[in-house]
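Visitor: Starting from these lines, generate the structure:
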Amino acid sequence: MDDQNKNLILATALSFLVILVWFVLFPPPEPTPADPNAVISAEGQAVLPTASGETGVADASTAAAPAADPAADAPRIAIETERLKGSISLLGGRIDQLALKDYRVSLDKGSPIVDLLAPTGSDNPYYALYGWAPGAGLAFEQVPGPNTIWNAASTADLSVGAPILLTWDNGAGLLFTREISVDENFMFTVEQGVQNTGAGTVSLAPYGILARHGEPQDLKNFFILHEGVVAMADGELAEIDYSDMPDFEINPNEGARAEVTQVAEQGWIGFTDQYWMTTLIPAPGPFKATAKYDDRRDIYQTEAVLPTQKLAPGGNIAVTTQLFAGAKEWETIRNYQAAGAYRFIDSIDWGWFFFLTKPIFAVLHYLNALIGNMGWAIIGLTLLIKAILFPLAYKSNVSMAKMKALQPEMEKIKERAGDDKQKLQQEMMAMYKKEKVNPASGCLPILLQIPIFFSLYKVIFVTLELRHAPWIGWIKDLSAPDPSSILNLFGLLAFTPPEPGSILAIISLGILPILLGISMWIQQKLNPAPTDPTQAMIFAWMPWVFMFMLGTFASGLVIYWIANNTITFTQQYIIMRSQGVKPDVFGNIRSSFKKKSKEE
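Guide: Numbers count the residues shown, from 1 in each chain. Model (predicted):
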């Protein structure tokens with residue numbers, strides 16, 4: 001076997017092996033809780049009641065999830081903006097109903113908009129609440145908690161530029177206020193205040209909580225995707241899967257399974273799903289970030305507890321924090337980061353190849369803004385990647401063309417060397433050195449394509465901008481497989497093809513996977529089929545194996561692969577012609593259909 005064919009076999013085998021491994025590993029696609037408040041002991045620690053009524057000691061003012069079954073008839077204040085719809089319950093002042101107007105559950109006609117937050121009593125309660133943990137001089141009932149009924153200054157909706165004000169008087173000299181505002185996207189601003197009109201100094205600590213009862217109904221449990229807690233603490237990003245939280249050690253200071261991080265300067269903590277996220281963002285300064293799991297009630301919880309403050313008679317305290325609750329839109333999150341949300345762009349799951357996924361998506365985003373279609377943006381991105389790698393591809397293809405021109409000399413060396421493999425190797429290396437040919441150069445462009453392919457796969461899978469993004473005609477969602485099927489002649493027959501994810505879906509090939517196989521097959525025809533029968537068989541089957549393997553991948557990824565094959569074919573053809581090698585593409589295609597005689 002000559003070295004050129006060895007390189008082609010090696011490069012193809014490496015690519016095939018990686019895709020095969022990738023395909024196998026990543027196939028497509030409540031009881032009454034404890035009181036949330038705490039009492040500071042004589043030693044300055046928080047005493048927390050447990051579900052059994054006993055108490056435990058914590059090292060700071062700590063909050064827990066609210067009662068699981070609040071009064072169904074609690075008054076509510078509506079939330080209404082161009083992008084959000086929901087309400088705030090005056091029971092605890094919780095933000096517990098929120099839907100995203102711009103996003104629907106599916107592409108089906110009449111599909112409902114996406115619900116993000118839901119109150120207790122619903123199928124999957126998920127909500128945000130705020131309050132004060134009591135310190136020295138205060139009892140549970142003297143601070144507002146999850147079950148406090150707040151008074152609204154007005155019944156008007158919460159909307160952009162129209163905040164709401166909630167008040168609560170504890171009847172013992174403390175007047176609590178909470179002003180909630182919302183911007184034009186997904187950021188809420190919560191200002192908690194307290195005024196001391198009594199005669200004694202008190203201590204208390206403000207907190208924010210995100211509580212989720214049970215795992216999300218649409219949990220993907222997909223290895224490439226992080227779902228669960230996402231947190232930033234002074235430059236350190238933490239990601240904790242839902243499945244890992246029940247394995248937390250019991251934290252005696254929290255009275256539950258918990259991991260606690262002391263943030264010194266800047267950070268945030270919350271929950272992230274594939275496309276949606278809720279995040280508590282305190283103002284710059286120290287706070288305690290806690291990820292907690294209550295295995296008795298199956299409640300996942302994140303907390304941001306600010307330092308305990310002393311409030312003298314006649315004094316006031318005001319603390320402002322933010323709550324992000326919405327879609328993980330790259331540009332929106334990037335703008336929030338520019339406005340002060342520290343490294344907020346890292347809340348998107350960029351993965352291990354973040355040094356590639358971040359710039360790849362940034363370019364894809366700008367191309368989409370320029371072109372107005374994400375499918376064509378993917379093709380534009382492919383052109384840019386191939387342009388960047390062109391010097392390497394040029395050198396590789398020139399080397400391969402020289403190797404092809406040296407074929408007669410290689411045959412002479414083989415005849416002279418006979419069975420002496422050492423002599424053959426020495427003469428081959430001498431010839432390569434003399435002619436300045438690198439026999440391994442053909443593998444490098446393919447090897448570089450592998451991390452780019454994986455990075456683009458990650459981008460297409462985790463970024464919201466490709467969800468339900470159309471390309472042309474039948475491709476309505478670039479994040480989903482090609483919906484057409486050869487089994488019903490691409491819609492001509494009144495037959496419903498197998499659902500994505502089923503075993504039969506593998507043979508239910510769509511138009512794009514078939515085009516992918518054809519593009520790989522034609523690319524092979526730049527060179528004659530290997531004379532070795534084993535090599536020839538591998539090359540003959542390779543395009544069609546890839547066609548079936550990638551058939552269930554996201555349409556956006558298949559579009560990239562087709563575009564990459566087409567551009568690579570064009571580059572190789574032009575470079576080979578420039579080096580005096582004239583590929584007989586049509587002749588190689590015709591010969592592949594001819595039956596070889598038995599003598600051959």
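Visitor: just the helices in the stretch 1-150 of the chain please.
Guide: 3-25 (DSSP state H, counting those that start in this stretch).
Visitor: ugh, wrong one, the stretch 151-300 of the chain
Guide: Counting by DSSP H, counting those that start in this stretch, the stretch 151-300 of the chain contains no helices.
Visitor: Show me the strands in it, by range?
Guide: Under the criterion DSSP state E, counting those that start in this stretch, the stretch 151-300 of the chain contains strands at 151-152, 164-169, 174-182, 187-196, 202-213, 228-233, 236-241, 250-251, 256-263, 267-272, 276-282, 287-294, 299-305.
Visitor: Is it possible to get TSV of those strands that adds distance to Lys412 and mean neighbour count?
Guide: Placement of C-beta: from N, CA and C, glycine included. As requested, the strands of the stretch 151-300 of the chain are arranged in TSV below (distance: least, C-beta to C-beta, whole Å; neighbours: other C-beta atoms under 10 Å):
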stretch	distance to Lys412	mean neighbour count
strand 151-152	94	14
strand 164-169	88	18
strand 174-182	79	20
strand 187-196	74	20
strand 202-213	73	25
strand 228-233	64	23
strand 236-241	60	15
strand 250-251	76	14
strand 256-263	69	19
strand 267-272	64	25
strand 276-282	66	24
strand 287-294	70	25
strand 299-305	72	25
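Visitor: Confidence-wise, which of those strands is weakest overall?
Guide: For these, mean pLDDT drops lowest on strand 250-251, to a mean of 90.
Visitor: Partner strands of that strand and their direction?
Guide: strand 256-263 (antiparallel) (DSSP bridges).
Visitor: Which residues does the partner strand contact?
Guide: Here strand 256-263 makes contact (C-beta atoms under 8 Å, 6 or more residues apart in numbering) with 64, 231, 233-234, 238, 240, 245-251, 253-254, 267, 282, 286-295.
Visitor: Provide the angle between the direction of that strand and the direction of strand 287-294.
Guide: Angle of strand 256-263 versus strand 287-294, following axes from the mean of the first three to the mean of the last three C-alpha atoms, to 10 degrees, is 160 degrees.
Visitor: starting at the chain centroid, how far to strand 256-263?
Guide: Centroid separation for strand 256-263 versus its chain: 24 Å, with C-alpha atoms, centre = their mean, to the nearest Å.
Visitor: what sits opposite the closest residue in space to Asp169 that isn't next to it in sequence in the beta ladder?
Guide: Nearest non-adjacent residue to Asp169, counting by C-beta to C-beta, 6 or more residues apart in numbering: Leu175, 5.2 Å away. Beta-bridge partners for Leu175, by DSSP bridges, are Asp169, Gln195.
Visitor: I'd like to know how far Leu175 sits from Gly200.
Guide: As for Leu175, its distance to Gly200 is 15 Å (criterion: C-beta to C-beta, to the nearest Å).
Visitor: re the thing from before, pretty sure the residue nearest to Asp169 contacts Gln195?
Guide: Yes: contact criterion C-beta atoms under 8 Å: Leu175 and Gln195 qualify, at 4.6 Å.
Visitor: Now the common contact residues for these two.
Guide: Here Leu175 and Gln195 have no joint contacts, going by C-beta under 8 Å, 6+ apart.
Visitor: Please work out the average pLDDT along stretch 316-336.
Guide: pLDDT averaged over stretch 316-336 gives 97.
Visitor: That one: end-to-end distance?
Guide: 29 Å (C-alpha to C-alpha, to the nearest Å).
Visitor: Would you mind listing the buried residues in it?
Guide: Neighbour counts using 16 or more other C-beta atoms under 10 Å place 317, 319, 321-330, 332-334, 336 of stretch 316-336 among the buried residues.
Visitor: returning to what we had before: minimum distance to Glu409: which of the strands of the stretch 151-300 of the chain has it?
Guide: For Glu409, the closest of the strands of the stretch 151-300 of the chain is strand 236-241, at 56.1 Å, according to C-beta to C-beta.
Visitor: Figure out which of the strands of the stretch 151-300 of the chain is closest to Met549.
Guide: Taking C-beta to C-beta, strand 236-241 is the member of the strands of the stretch 151-300 of the chain nearest to Met549, at 27.3 Å.
Visitor: Name the surrounding residues that touch that closest one.
Guide: 226-232, 259, 261, 291, 343, 346, 349.
Visitor: Can you give the distance of that strand from its chain's centre?
Guide: Using C-alpha atoms, centre = their mean, the offset of strand 236-241 from its chain centre is 13 Å.
Visitor: what does stretch 315-326 give?
Guide: For stretch 315-326, the distance to the chain centre is 28 Å (C-alpha atoms, centre = their mean).
Visitor: residue contacts, Arg590?
Guide: Under the criterion of C-beta under 8 Å, 6+ apart, the contact list for Arg590 is empty.
Visitor: How much space separates it from Ala289?
Guide: 67 Å.
Visitor: what does the average pLDDT come to for the helix or strand hosting Lys414?
Guide: Assigned by DSSP states H and E, Lys414 falls within helix 407-417. If you average the pLDDT over helix 407-417, you get 77.
Visitor: what comes up buried for that helix?
Guide: 410, 413, 417.
Visitor: Could you do stretch 340-358 as well?
Guide: So for stretch 340-358, counting by 16+ other C-beta under 10 Å, buried means 341-342, 344-351, 353, 356-358.
Visitor: Okay, now the unreliable bits of the stretch 451-600 of the chain?
Guide: Within the stretch 451-600 of the chain, the stretches with pLDDT under 70 are 488-506, 528-532, 535, 592-600.
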